[in-house]
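Chemist: Give me a model of this one.
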Amino acid sequence: MHKYLNVTGGYLSFEVDRPEGRPTLTARFHDVDGEVLYKETFRAE
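Modeler: Residues are numbered from 1 along each chain as shown. Next up, the predicted model:
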């Protein structure tokens, strides 16, 4: 499902990890000063 974000400038960052051997992808949207405004983590099933 698409989630609406009111983008006002900034950047995206991504992190791939394997906590307890289970792959995860974390996406973060940061404002222009680097503060995280939105974070979503996706886990492999």
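Chemist: For the protein, just list every one of the strands.
Modeler: Remark: strands assigned in the chain by DSSP state E are 11-17, 24-30, 36-43.
Chemist: and the gap between residue 9 and residue 36?
Modeler: Counting by C-beta to C-beta, to the nearest Å, the gap from residue 9 to residue 36 is 14 Å. (Glycine included, C-beta is placed from N, CA and C.)
Chemist: any idea how far the most centrally placed residue in the chain is from residue 36?
Modeler: Per C-alpha atoms, centre = their mean, the C-alpha nearest to the average position across the chain is that of residue 27, at 1.6 Å. Between residue 27 and residue 36 the computed distance is 11 Å (C-beta to C-beta).
Chemist: Number of residues surrounding residue 21?
Modeler: By the criterion of other C-beta atoms under 10 Å, residue 21 has 5 neighbours.
Chemist: And for residue 29?
Modeler: Residue 29: 15 surrounding residues under other C-beta under 10 Å.
Chemist: Next, count neighbours for the closest residue to it other than its chain neighbours.
Modeler: Spatially, and ignoring its direct neighbours in sequence, residue 29 is nearest to residue 38 (4.3 Å; C-beta to C-beta, 6 or more residues apart in numbering). Using other C-beta under 10 Å, residue 38 has 15 other residues around it.
Chemist: That'll do, ta.
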